[in-house]
Every structure is written in structure tokens, then in C-alpha cells.
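Peer 1: Quick one: sequence plus predicted model below, questions after.
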Amino acid sequence: MKSKHTTFISILILSSCLSPAAAVSAEDMVLVPEGSFTPFFLKKDDSANSSSVAATAIAAFWLDATPVTNRKFQAFVNQHPDWHKSNIKKIFTDSHYLEHWQSAQGSADTADLDKPVVNVSWFAAAAYCEAQDKRLPSTDEWEYTLTDNERDKENLQKQIMAWYSVPNKELPAVRTKPANGFGIYDLAGLIWEWTADFNSYMAPPDSRNSGDKNLFCGSGSLNASNLGDYAAFMRYSYRESLKGNFTGKNLGFRCAKDAK
Amino acid sequence: MKKIKLLALGAALCMAGLTQAAPTPKATSSKISGQETAILTDAPAVPPRITRKHATKVVVNLEVKELEGRLADGVSYTFWTFGGKVPGKFIRIREGDEVEFHLNNHPDNKMPHNIDLHAVTGPGGGAAASLTAPGHSSVFSFKALNPGLYVYHCATAPVAMHVANGMYGLILVEPKEGMSKVDHEFYVMQGDFYTQGKNGEQGLQAFSMTKAIDEKPDYVVFNGSAGSLTGDNALKAKKGDTVRLYVGVGGPNLTSSFHVIGEIFDKVNHEGSTSNPDKNVQTTMIPAGGAAYMEFKVNVPGTYIMVDHSLTRAFNKGALGMLKVSGDEDKTIYSGKMTDEVYLPEGTSMRNTGVAQAQAPTAKTKADRIKMGEGIYNTNCAACHQTTGVGVPQAFPPLAKADYLKGAKPAAIKAVTGGLQGKLVVNGNEYNGVMPSWSLNDEEVANVLTYIYNSWGNDGDEVTPEDVKQHRITPVKHEE
């Protein structure tokens, strides 16, 4: 018990986080101010009066400035061997968990340390955030941050579309492109990211039970607030295709924390 | 209100397969025996005819790949594909078959994908059951209740973009009695593409959402790229063969007025329906998300051009393919060009120039002759032979330094007065055209030929009215 405690402290020092409060340091996390945005899809039960889409209010929250890197996830795995690729419980992931960590010890390649960690399931991502005393952002929080208060909207959409429509050749490191207006990096153009409620907007996987709410064919457009936002369609349908144990070569995450 | 309309739209788009597919008891009662893996082919190839007489279980493995490929010369595009090419693999099964469908989404892909097969009876045509994240595969099964030629496509939001990037193909459900034997079967599918750059702009072109929403494609092509069915890639057959084309339209937006120039479809199965075909059809309309198949016998050798007869698509945007038929000519069906003569409208049998028979001044000297001849030349000859006498390559022979004229005044006089037709070699180049006879009097012919002989490096001979009188071909005078 004592030795474990000591290691925990040393990790904290290594990552220059001196106390739980300071863990939310300006360098790693950014306070996203409160605000509101128009969600792309209506939530399950508020479509009764759907003629106008209400703006959703978002409380201020802390968000990681960048996606979690291989370096940070490596530290987490070292600290929590249950999440090592040779130990992870089968129900928490598919067979591709951390498959890009190819060394014999199953650790990250040095060259990749500053690249975003990918091939992680929702369970692994959630466990990581929890271990930092954080949580995954909600889809609303994530989308609100992406809208960037509608700053430079057209350019942003173009940039997003350009990335979405072309397969990644190789992942670049985090923080290689400018931050958005909130000071957040890499929301678009690097990887897909897990959210806490990634499938909460969606229909059950079989549309027989879902009425008109799914993303297929024409009915994909039924509940959308902006039919011209193809990038959002892609993001939401990507999330819908996931299950908690899935991993992907282009799928990573970042953590959030309530602002209290 | 708005919602009801949208719902109807969604239902209509999604359930297209369902509405025409009331389950028929006779189809469901067919017994399944055996199992096989479907042979899948890339366009323009079609899997072999099904010869078995019973329903079976068919396993289909289809892999989705996002990859860069050629859209036109020097133009590439990131296609999303069913099987690595546009259109997707051709799938061939038989009515009553039970299909176990594996949709595999390659791990390198960025997008989730699914498949809506119009041959499937059930919500979404399989789309709901097959939404697949990159690096995963989905399995669903269906029974092929209705025979016909059907489109399949990706139906993941935004569906128009998935289809615009090439995610469509054809599935043929053969009727129980099978498809008749033909010499060639080909697979052709039309699609419209929307690029950031204009048609022909070089390099990798990104998808243009704006143009897609406006339905203004830069490319309309067969089988995924301009030129996929032309030149060396042309479809090939021999004279006397029967050809069956399976033609689909992926869209996402445009329909096709499908036509083969120089052929008449002996039979067309509209909308991919296996019921009695229509006979002797020129152009058949294929809707977006629809298909048709057509048969014809190729009787005459040559190159047949397949087009979307909305012609700027064929001419400017790529919707053009070729069927090359080899073999001996059969002049009784088609003669080829027998003659090419100048068309003389009723009331004329030769060119009557306005100046003919007028009180023309006569030339006193060679210099006069040249001067007067120039006017005649510019009025009558320059349109073809050019004011500089150089002619037009491959069309009109030159007069400048022409070996044909050198020391051959009688031939020149005969040419002007009687016209010329057929093969002619001038300065080593072959011409095969027509020159009309000119209704010019002896004086005028002498003047124009003297002008020609004294221009552009020619020998400087003089042609006199007497020369013309001696050698001219007596014109067939038309009496008004």
C-alpha cells in the first residue's frame, strides 16, 4: 500500500502535477467557458415540438488541450497493468487494442510518443480519464467545443471535410496545427475521439425498432438541424457505428473535467 | 407538418426495396440445399451464369476500401469503394437463394459504412444491420425473394456523399428459369462526381459538397473514370455475337438516357425487371438507384459508342464508352460511306457564281489577268484553299508550290471547269475530298488560273482563254 502510494506521488511529480487542483493545469487543460450551441441531432425525447431546434446550454468545463498521447497512455498502462495489452479483459476491447504498440513488451514506439494514442476502446479511455480524476467529455461538450462559437465556420467545415474524406496515411503528432479559439488543439484533422455518451443520439442498431430515427438513407436527414453539414453527419454516423469495446486506427480520446 | 414530409421522404428512400416486395409464398417455399461462396467481379466483367436448378446458401464477402484512384487523365480522387473499384463488385445469385452477407470495413478506412441492397426485402435493405466501423465486419442474411437486376449502395449518412464517392454496384438475382445464354455479358455503371476543381483540373480533387447539393457534377462517367471503356479498355465482341449489358446508375443524382450509337437494343428489361422485355428500343431511361439490362446482336463490325444521351455529359464530362466489334463487313446491312458528293439543292447542278456571264472586262496583259484573277480567287477559291494558297491539311490540298499544277495547265483547267472528286495526291499528301465544278467563263478561268500560277512560289505560267476553251470540260448547263 505504501509503495503504491509512493509511485503515485512520483508519477504526479513526473508529470509536473503537484496537487489534484493543479492537475488541471493551464498547460494540459483549458477551461472552456459556458455557452450554448445548436445540436446537430435532437435527443431522443425532445422531438415532440421539433419545428425549431432549441440551443443547448453548456456549463463551463475543463478539457484536455490535446488528445491523449501514446506517452501519457503508456504511463497509465505502466501504472495500471490491468490495461496492458496482454492483460486487458476481453469484454473491454476487440482484438486490435493498442496493436500499434509493437515492441515485445507491448509498449509504445519511441517515435510515436507524441502522437495521439489510438486503438483504444471506450472502456480503456474511460478508465484512463478516471485514473486522472477526469472523465470523458459528453458529445454535447465535444461538439460545442468544435463549433468554436462559430468562429471561421466555413473554413472549419472545409478543413473537417477534407480530413474526413481521405484515409490517413500516417498520424502526425498532437499540437502541430494551431489551436481553435478556445485554445483547444486537434479536434478535427487528426483522429476521431471517443465521447462519454457516443451513441446516445442514435437509434438501436436495428431500425425496425427505431421508427424514423437513424442515419440511413433519407431518414438520416429527419432530425438533423443542418442538412448541409455533411461533416457532422459523418461524425455522428461514425459514433453510431461504434460499440464500447471497439477500437480503431484513427480513434483516440481526450479527457474533460467539471469546472467547480 | 415539416416532420411528416421528411418522414415520408425518408420512408420512400429507404423502403424502395420493400414496397415492391410483397413476399410471395412460392418463393419462400423453395428449399435450400448446399452452400457456395459468391464469385464477385470488377466491371466490366460479370460472374458466370448460374446453372444450378435449386436454391442454395450463398456467402458474399465484400470489403470496403477508401483509396485514391484515377478519375480522368491527370485527375485523381479519393474513392470509397465496395471491393476496391468503382462500381462495386458484381454479385450474382438466384431467386430463392439465402445470402449470408459479410461486409468488411478495412481498418485503414476512416468512415463507417453499410450496404443497402435493393434486392433485399426488409427495412433499409440491410443498411441497418450492416453499419460497420473501420476495422470491423458485419454479417446479416437475407432471402432473395424477387428476381431482377438491383442496385446496391452505401446508405450511411451523409448518404449522398458516400454514393458520390463511388459506393454503388449491381446485384443480379436470376429468375428460377435462369438467364438465356449469350456470347458476352458486360457490367456498366454510370455515376456523377463532384470535384472542387473544374473538369480537367489536374491533381487530387476533393469532393465538393456545394456542387453535389446543387447537382452540378464535373464528371459523369461509366465505371468510375473517364476513359474506363474507351481505347484499349473498350468492350470487345465479334460480328454475329449476342451481347447483354447490365447497366446501372449509381448517381447520386443524375439519371441516364442510355444509348449505344449505331445499335438498336433487340430487347430491354426496363428497371431490371425480369418480366417480358420490350423490343427494338433506341434509348432507355435508367433512374438513379436503378438498373436495366439489354441484349442485342452485333451484325456489323466497327466501334459502337455508349453514351448518356444527355449529350454534354458524354461530350464534356466523360459518359462515353466503346464496344468494338471485329469481323468482316456485311454491306447489305450497312454499306459504309459509298459516295460523298456535293449536295446541289434543287434548281442548280453546278456552282453559278454571281459574276458569270456578266459583262466582264477582258484582260489585256498578263498583269491584268493576275489582278482580275485575284478577285475571282478570293470570291470562289479562298474559302477552301485559303488566301495564302496553303489549303487545309487533310481536307483541302494546297495550291502553293503544288506539284499537281506544275506544267499541267490542261489538268488545272479541267479541275476548275469539271470539278474533282476522290483520291488525290498533292505534294506527297493524300486527299479524299470533293471540289465542285465552277461556272466561270473562259476569261475568268484563265484569269484565276493565271493568278494561281503567279502566286505563292508557283511557276509563273499564263493561262489564256484559248487554253481554257481547248481543255475545258463542257459544263452541263442548267437551263433556268
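Peer 2: Now that the structure is in, tell me what you want to look at.
Peer 1: Who are the contact partners of the nearest residue to residue A:34 once chain neighbours are set aside?
Peer 2: Leaving out its chain neighbours, the residue that sits closest to residue A:34 by Cβ to Cβ, 6 or more residues apart in numbering or on different chains is residue A:60, at 4.4 Å. Glycine gets a C-beta too; all of them are placed from N, C-alpha and C. Each residue near residue A:60 by Cβ atoms under 8 Å, 6 or more residues apart in numbering or on different chains is listed here: A:31, A:32, A:33, A:34, A:259.
Peer 1: any idea how far residue A:257 is from the third one?
Peer 2: Plainly put, residue A:33 is 14 Å away from residue A:257 if you go by Cβ to Cβ, to the nearest Å.
Peer 1: Which one's more surrounded, those two?
Peer 2: More crowded of residue A:33 and residue A:257, by other Cβ atoms under 10 Å in any protein chain shown: residue A:257, with 19 against 12.
Peer 1: Quick check: the two most widely separated of the contacts of residue A:60?
Peer 2: Largest separation among the contacts of residue A:60 by Cβ to Cβ: A:31 and A:34, giving 10.0 Å.
Peer 1: Look at the two and report which has more neighbours.
Peer 2: Remark: of residue A:31 and residue A:34, residue A:31 carries more neighbours, 15 against 12, as counted by other Cβ under 10 Å.
Peer 1: Which of the contacts of residue A:60 fall in helices?
Peer 2: Among the contacts of residue A:60, the subset assigned to helices under DSSP state H is empty.
Peer 1: any idea which of those residues is the one closest to residue B:130?
Peer 2: residue A:32 (36.7 Å).
Peer 1: Could you verify that residue B:211 is part of a strand?
Peer 2: No: using DSSP: H, G, I helix; E, B strand; the rest coil, the secondary structure at residue B:211 is helix, not a strand.
Peer 1: Spit out the contact partners of it.
Peer 2: If a contact means Cβ under 8 Å, 6+ apart, then residue B:211 has B:194, B:195, B:217, B:218 as its contacts.
Peer 1: count of neighbours near residue B:95?
Peer 2: 24.
Peer 1: Excluding chain neighbours, what is closest to it?
Peer 2: Nearest one to residue B:95, counting by Cβ to Cβ, 6+ apart, is residue B:147 at 4.3 Å.
Peer 1: give me the number of residues near the one you found?
Peer 2: 23.
Peer 1: and the next element down the chain from the lengthiest helix in chain B?
Peer 2: Secondary structure of chain B per DSSP H: the longest helix is helix B:366-380. Next along the chain after helix B:366-380, taking DSSP states H and E as the criterion, comes helix B:382-385.
Peer 1: Show me what counts as buried in that next one.
Peer 2: residue B:385 (16 or more other Cβ atoms under 10 Å in any protein chain shown).
Peer 1: which residues are in contact with it?
Peer 2: With contact meaning Cβ under 8 Å, 6+ apart, helix B:382-385 is reached by B:391, B:392, B:395, B:396, B:397, B:398, B:399, B:435.
Peer 1: Compute the distance from the centre of that helix to the centre of its chain.
Peer 2: Taking Cα atoms, centre = their mean, to the nearest Å, the mean C-alpha location of helix B:382-385 is offset from the chain mean by 34 Å.
Peer 1: what do you get for stretch A:78-95?
Peer 2: 19 Å.
Peer 1: How about that stretch and chain B, any contact?
Peer 2: Yes: counting by Cβ under 8 Å from any Cβ of the partner chain, chain B is contacted by stretch A:78-95 at residue A:94.
Peer 1: Go ahead and confirm the residue nearest to residue B:95 touches residue B:179.
Peer 2: No: Residue B:147 lies out of contact with residue B:179 (Cβ atoms under 8 Å); the separation is 9.7 Å.
Peer 1: I'd like to know which elements the longest helix of chain B is packed against.
Peer 2: If contacts are counted by 3 or more Cβ pairs under 8 Å, 6 or more residues apart in numbering or on different chains; DSSP states H and E, helix B:366-380 sits against helix B:442-453.
Peer 1: between the helix it packs on and helix B:366-380, how big is the angle?
Peer 2: Between helix B:442-453 and helix B:366-380, the angle comes out at 90 degrees (axes from the mean of the first three to the mean of the last three Cα atoms, to 10 degrees).
Peer 1: Any chance you could list what contacts the very next helix or strand once past helix B:442-453?
Peer 2: Following helix B:442-453 in sequence order, the next helix or strand is helix B:465-471 (DSSP H and E). Residues external to helix B:465-471 that are found in contact with it (Cβ under 8 Å, 6+ apart): B:362, B:409, B:410, B:413, B:414, B:417, B:442, B:443, B:445, B:446, B:449.
Peer 1: Now the buried members of those residues.
Peer 2: The neighbour count (16+ other Cβ under 10 Å) marks B:409, B:413, B:414, B:417, B:442, B:443, B:445, B:446, B:449 as buried among the contacts of helix B:465-471.
Peer 1: before we move on, which element is the second one in?
Peer 2: Put plainly, it is residue B:413. Using DSSP H and E, residue B:413 falls in helix B:409-418.
Peer 1: between that helix and helix B:366-380, how big is the angle?
Peer 2: Inter-element angle recorded for helix B:409-418 and helix B:366-380: 40 degrees (by the same axes, to 10 degrees).
Peer 1: Give the pairing partners of the helix or strand following helix B:409-418; include direction for each.
Peer 2: Counting by DSSP H and E, the next helix or strand C-terminal to helix B:409-418 is strand B:420-426. Next to strand B:420-426 in the sheet, as set by DSSP bridges, lie strand B:429-435 (antiparallel).
Peer 1: Next secondary structure after the partner strand?
Peer 2: Following strand B:429-435 in sequence, per DSSP H and E, is strand B:438-439.
Peer 1: And residue A:82, how close does it get to residue B:187?
Peer 2: From residue A:82 over to residue B:187 the distance is 52 Å, taken as Cβ to Cβ.
Peer 1: do residue B:173 as well
Peer 2: Counting by Cβ to Cβ, the gap from residue B:173 to residue B:187 is 15 Å.
Peer 1: and residue B:172, what are its bridge partners?
Peer 2: Note on residue B:172: beta-bridge partners residue B:92, residue B:149, judged by DSSP bridges.
Peer 1: distance of it from chain A?
Peer 2: Going from residue B:172 to chain A by Cβ to the nearest Cβ, to the nearest Å gives 22 Å.
Peer 1: I'd like the distance between the residue nearest to residue B:95 and residue B:119.
Peer 2: As judged by Cβ to Cβ, residue B:147 and residue B:119 stand 9 Å apart.
Peer 1: who touches both of the two?
Peer 2: What both residue B:147 and residue B:119 touch, as defined by Cβ under 8 Å, 6+ apart, is the set residue B:173.
Peer 1: residue ranges with poor pLDDT in chain B?
Peer 2: Applying pLDDT under 70 to chain B flags residues B:1-30, B:341-361, B:474-480.
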